[in-house]
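Trainee: One predicted model, sequence on top.
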Amino acid sequence: MTHVAVMGTGRVGGQVAFSLIFERYVTELSLVDVMPTVAKMTKEELHHAIASHGFDLEINSYENSKMVRNADLIIVTAGFPRTPDMSRRDLAVKNASVVQEIIENSVDNNPNAWYFIVTNPVDAMSTLANRAAHGKRHIIGTGTNLETSRFRTIVSRELKVPIGTVEAYVGGEHGEAAALLWSTVRIDGAPLDEYLRKAEKRLDKAFCDNYVKEVSRQIITFLGGTRYGPAGSFIEIIRGILLNTGKVTSYSRLMKFETTPEPVFVTVPSRIAKSLGPDIWDLLSKPEQQAIKDAAGAIYKTYLEAIGGKR
């Protein structure tokens with residue numbers, strides 16, 4: 001019996017909920033949205049979506065996160081969305097109160113829940129969520145898992161190889177300080193440079209970097225926001241927690257570097273399961289490690305802005 005709650009059923013939250021109804025280990029799904037009737041109508045849609053598939057799923061809908069009880073995993077997607085002219089960091093102050101309220105409203109009624117933070121800027125919001133929960137809950141963020149999916153997509157496309165043969169990770173911040181970890185790239189098990197030499201191919205790394213960091217802006221411009229990419233990417237992390245997969249993914253967790261006076265949520269690709277880690281830090285190059293440290297510093301600055309500078 002596994003109970004998952006989705007806080008916020010907008011563009012990303014609704015698509016995450018849709019993905020979850022086909023994850024057969026999920027036996028109860030709770031939807032929360034402060035907009036009147038939105039969660040209820042999302043519930044109706046999801047029931048219609050599974051009706052012809054022949055399986056049952058208990059789906060609840062609420063307008064207040066206080067109503068959710070005994071969830072195993074709480075996915076926080078609620079918040080203000082980004083527009084094409086905005087950085088994710090620009091949302092910090094507006095979304096801080098949303099995340100704070102959700103944690104405070106749900107933490108007592110869900111004593112065994114993991115929190116999975118999606119709301120942007122996700123690394124700062126995950127740090128804030130951990131503060132609101134007083135460090136008493138397992139909290140992780142989406143981190144750079146979506147960038148990792150985009151990284152593998154563009155490498156596969158540019159090299160014209162099946163995406164299943166591409167291994168690659170992104171670390172750092174979900175956003176401007178994302179660090180493409182080129183040392184982790186393998187093509188069918190071979191290190192990238194070795195593969196390029198043997199295949200007599202070239203790869204424009206700057207082009208790949210720009211694609212990973214800017215494609216979301218294009219999607220927002222033409223589609224109004226991202227939904228399928230995030231939902232598909234985040235399922236990997238959700239399975240890691242609930243199914244104890246032990247797979248290495250690019251989620252963010254609390255880490256301390258010399259670039260911050262206190263720990264913040266930042267991505268170093270790590271094993272995801274009921275326990276977190278180990279990570280791949282020692283396998284990274286020195287410049288890659290420094291890029292992640294710099295990202296942590298940037299995340300901490302955003303976090304301070306989100307909490308009004310009150311440490």
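Mentor: That came in fine, so what should we check first?

Trainee: all strands in this structure, in order from the N-terminus.
Mentor: 3-7, 28-32, 58-62, 73-76, 114-117, 138-141, 166-172, 178-187, 190-191, 247-249, 252-255, 264-267, 270-272, 276-279 (DSSP state E).

Trainee: so which of these gets nearest residue 240?
Mentor: Residue 240 lies closest, by CB to CB, to one member of the strands of the chain: strand 270-272, at 3.2 Å. C-beta coordinates here come from the backbone N, C-alpha and C atoms, glycine included.

Trainee: Contacts made by that closest one with the rest, please.
Mentor: Residues from elsewhere that reach strand 270-272, judged by CB atoms under 8 Å, 6 or more residues apart in numbering: 140, 237, 240-241, 245-249, 251, 253, 276-280.

Trainee: Would you convert the strands of the chain into CSV that also reports mean pLDDT and mean neighbour count?
Mentor: Formatted as CSV, these follow (pLDDT from 0 to 100; neighbours: other CB atoms under 10 Å):
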stretch, mean pLDDT, mean neighbour count
strand 3-7, 98, 28
strand 28-32, 98, 24
strand 58-62, 98, 17
strand 73-76, 98, 26
strand 114-117, 98, 26
strand 138-141, 97, 25
strand 166-172, 98, 25
strand 178-187, 98, 23
strand 190-191, 98, 15
strand 247-249, 98, 18
strand 252-255, 97, 22
strand 264-267, 98, 32
strand 270-272, 98, 22
strand 276-279, 96, 14
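
Trainee: Spit out the contact partners of residue 1.
Mentor: Counting by CB under 8 Å, 6+ apart, residue 1 touches 27-28.

Trainee: let's see 7 Å
Mentor: Counting by CB atoms under 7 Å, 6 or more residues apart in numbering, residue 1 touches residue 27.

Trainee: With the one 3 residues further on instead?
Mentor: With contact taken as CB under 7 Å, 6+ apart, residue 4 is in contact with 20, 26, 29, 71-73, 75.

Trainee: The same query, at a cut-off of 6 Å, please.
Mentor: Listed by CB atoms under 6 Å, 6 or more residues apart in numbering, the contact partners of residue 4 are 20, 26, 29, 73.

Trainee: do residue 175 as well
Mentor: Counted by CB under 6 Å, 6+ apart, residue 175 has contacts residue 88.

Trainee: Could I get the phi/psi values of it?
Mentor: When read as degrees, to the nearest 10, the backbone of residue 175 gives phi 140, psi -140.

Trainee: Next one: residue 16 relative to residue 299, how far apart?
Mentor: According to CB to CB, to the nearest Å, residue 16 and residue 299 sit 23 Å apart.

Trainee: Relative to residue 16, how far out is the residue nearest the centre of the chain?
Mentor: Nearest residue to the geometric centre of the chain (CA atoms, centre = their mean): residue 142, 1.7 Å. Distance of residue 142 to residue 16, given as CB to CB: 10 Å.

Trainee: Who are the contact partners of residue 121?
Mentor: So residue 121 contacts 88-89, 92, 302 (CB under 6 Å, 6+ apart).

Trainee: Spatially nearest residue to it, not counting backbone neighbours?
Mentor: residue 88 (4.3 Å; CB to CB, 6 or more residues apart in numbering).

Trainee: Pretty sure residue 285 sits against residue 183.
Mentor: Yes: Residue 285 lies in contact with residue 183 (CB atoms under 6 Å); the separation is 4.9 Å.

Trainee: Domain boundaries for this protein, per the record?
Mentor: 3-141, 145-306 (automatic domain parsing).

Trainee: Give me the buried positions along stretch 96-106.
Mentor: 96, 98-103, 105-106 (16 or more other CB atoms under 10 Å).

Trainee: Go through those residues and flag which are in helices.
Mentor: 96, 98-103, 105-106 (DSSP state H).

Trainee: Looking at those residues, which is nearest residue 79?
Mentor: residue 98 (4.8 Å).

Trainee: Not counting its neighbours along the chain, what's nearest the closest one?
Mentor: Leaving aside its sequence neighbours, residue 98 sits nearest to residue 79 (CB to CB, 6+ apart; 4.8 Å).

Trainee: which intervals of this protein have sub-threshold pLDDT?
Mentor: 309-311 (pLDDT under 70).

Trainee: what angle sits between the longest helix belonging to it and strand 178-187?
Mentor: In the chain, assigned by DSSP H, the helix with the most residues is helix 286-306. Orientation of helix 286-306 against strand 178-187 (axes from the mean of the first three to the mean of the last three CA atoms, to 10 degrees) gives an angle of 140 degrees.
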